[in-house]
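Colleague: Model the following, please.
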Amino acid sequence: MKQITQAKRYAKALLDLVGIENTPQALAEISAVNDLMAKSKEFKSLLSNPHFTLEEREKIIKQIADRLKISNNMIKFILNLTELKLILYLSAIIRIATSLYLDRKKRAKAVVITPIEMSKDHENELKSSLKKLTDRDVDVEYVIDPSLLGGVLVKIGSTMYDTSVIGQLRLLKNELIKG
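Modeller: Here you go, the predicted model:
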């Protein structure tokens, strides 16, 4: 619970620091650092291990920032998180900041899982339906999962819409069990 509270606090601070217009760029920059932490245990250890001094961390982060093209504001933000021992919350901060950003921009993000690639007409129709459903502009990410058999799964925030064949069979089974 503490992690979520701290992540919300620093996600809001991030948005306040960079402003709504620069949020996508800032999220991309700190996501690059988060991805590097996921790929390199050494880098993650450098940022989270208290045995490294702030100067050592700062030197390495600045070298990496040059390669990843990370702004000075994001370098300071990352260094601040490491100093406060909150760098391990970075993925939660990114997730919450993205959600806050989309909320402020009156946008939503949907993940659509389909068994096959959708045609442009179906994509536009689905996007239009999702816009009516959420009352917001919707950014859609498509994922193809051949195990789905038929239908689609749509996830918007924490809400899941399941029109897949497997989902419908599951509902039918539950109804039959209930009697």
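Colleague: Which parts of this structure belong to which domain?
Modeller: With domains defined by automatic domain parsing, the chain comprises 2-102, 107-178.
Colleague: measure the shortest one end to end?
Modeller: Read it as domain 107-178. By CA to CA, to the nearest Å, the extent of domain 107-178 from end to end equals 39 Å.
Colleague: tell me the mean pLDDT over it?
Modeller: pLDDT averaged over domain 107-178 equals 88, rounded to a whole number.
Colleague: same deal with stretch 30-44?
Modeller: On average, stretch 30-44 scores 91.
Colleague: got the buried residues for that stretch?
Modeller: For stretch 30-44, the neighbour count (16 or more other CB atoms under 10 Å) marks Ile30, Ala32, Val33, Asn34, Met37, Phe43, Lys44 as buried. C-beta coordinates here come from the backbone N, C-alpha and C atoms, glycine included.
Colleague: can you put the residues you listed in TSV and add distance to Ile75?
Modeller: Formatted as TSV, the entries for these read as follows, by distance: CB to CB, whole Å:
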residue	distance to Ile75
Ile30	10
Ala32	12
Val33	9
Asn34	14
Met37	15
Phe43	14
Lys44	17
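Colleague: Among those residues, which ones are in helices?
Modeller: In helices, judged by DSSP state H, the following of the buried residues of stretch 30-44 are found: Ile30, Ala32, Val33, Asn34, Met37, Phe43, Lys44.
Colleague: of all those, which comes closest to Arg170?
Modeller: Within these, distances to Arg170 taken as CB to CB reach their minimum at Asn34, with 34.5 Å.
Colleague: State whether that closest one and Ala92 are indeed in contact, as I suppose.
Modeller: No - counting by CB atoms under 8 Å, Ala92 is not a contact partner of Asn34; they are 10.0 Å apart.
Colleague: between the ones in helices among the buried residues of stretch 30-44, which is nearest Thr114?
Modeller: With CB to CB as the yardstick, the closest approach to Thr114 among these comes from Asn34, at 27.8 Å.
Colleague: Quickly note the distance from the closest one to Lys85.
Modeller: Asn34 sits at a distance of 16 Å from Lys85 (criterion: CB to CB, to the nearest Å).
Colleague: Using the three-state scheme, assign Val138.
Modeller: Look at Val138: counting by DSSP: H, G, I helix; E, B strand; the rest coil, its state is strand.
Colleague: what about the closest residue to it other than its chain neighbours, how many residues close to it?
Modeller: The shortest distance from Val138 to any residue that is not its chain neighbour, by CB to CB, 6 or more residues apart in numbering, is 4.4 Å, and that residue is Leu130. Using other CB atoms under 10 Å, Leu130 has 20 neighbouring residues.
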